[in-house]
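Enquirer: curious how this folds, go ahead:
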Amino acid sequence: MEKRQEMLEMLQGKIEELSTAKGKLTLFVEKMETEQENDKVAISALEAELISLKDAQTMAVDISEAQILKEQIKSLVEDIDLHKTVLTAKENKAKQELAEVATDVLKAYKQAKFVFINTDNYITVTTSISSLEEDIKTMNDLGHQVDMGLSYAKSVLIKYGVITQGANMFANVHLSGAGCHTKATQVKSKLSALIADFRGQGLV
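Expert: Numbers count the residues shown, from 1 in each chain. Below you'll find the predicted structure:
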């Protein structure tokens, strides 16, 4: 019983590490989106100003005034182009950094999955008829938490164009592998007739 508890605690520890990595990815995405939105708002404001200057230029009745507006328009167009170039560079850099943060999530997932498999193997071969249902629920709940790490990292990588929808591998992690489901369900399946018989006798 002591080894069982030790293995479950180790798995829960790995799931906490995975949760921490997911939290860092969430914060990174929020910060990135806020910065990009602010940059786009700034560009929109400049583009609105450009429209106003062009309107003013069409209404200018003085050549010197029109010349000043022409220079202002030229300067603003260059400014907008510069802002867009910088925004593109920032987005590319953010995408690279996003990939690194997501890789940390996938590394934590890979470790958690490895520990899940070892723990589940032990739970499966040491389960009893009386604890089978609870063991299945416990392991599937923990497995779901592990799988959520993979699905979250994958969805973020797809959303921001780091990988394509159909990608199978990233950072040496299989993105479409089998989920973490307990093998104890196989025990339940094999023993279902016996358990039903015992239940009928009031033994379980």
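Enquirer: CA only for contacts and neighbour counts going forward, please
Expert: OK.
Enquirer: how confident was the prediction at Met1?
Expert: Per-residue confidence (pLDDT) for Met1: 58.
Enquirer: where do the strands sit along the chain?
Expert: 169-170, 173-174 (DSSP state E).
Enquirer: would you mind checking which helix or strand in this protein has the lowest mean pLDDT?
Expert: Sorting the helices and strands of the chain by mean pLDDT, DSSP states H and E puts helix 184-200 at the bottom, at a mean of 80.
Enquirer: what is that one packed up against?
Expert: Contact partners of helix 184-200 among helices and strands, from 3 or more CA pairs under 8 Å, 6 or more residues apart in numbering; DSSP states H and E: helix 63-126, helix 132-159.
Enquirer: let's see that with 7 Å instead.
Expert: Helix 184-200 sits against no helix or strand, with contacts defined as 3 or more CA pairs under 7 Å, 6 or more residues apart in numbering; DSSP states H and E.
Enquirer: flag every buried residue along stretch 89-106.
Expert: Within stretch 89-106, the residues scored as buried using 16 or more other CA atoms under 10 Å are Lys90, Glu91, Ala94, Lys95, Leu98, Ala99, Val101, Ala102, Thr103, Asp104, Val105, Leu106.
Enquirer: ok, and what's touching it?
Expert: With contact meaning CA atoms under 7 Å, 6 or more residues apart in numbering, stretch 89-106 is reached by Leu18, Ala21, Lys22, Leu25, Met32, Gly149, Leu150, Ala153, Val162, Ala171, Val173.
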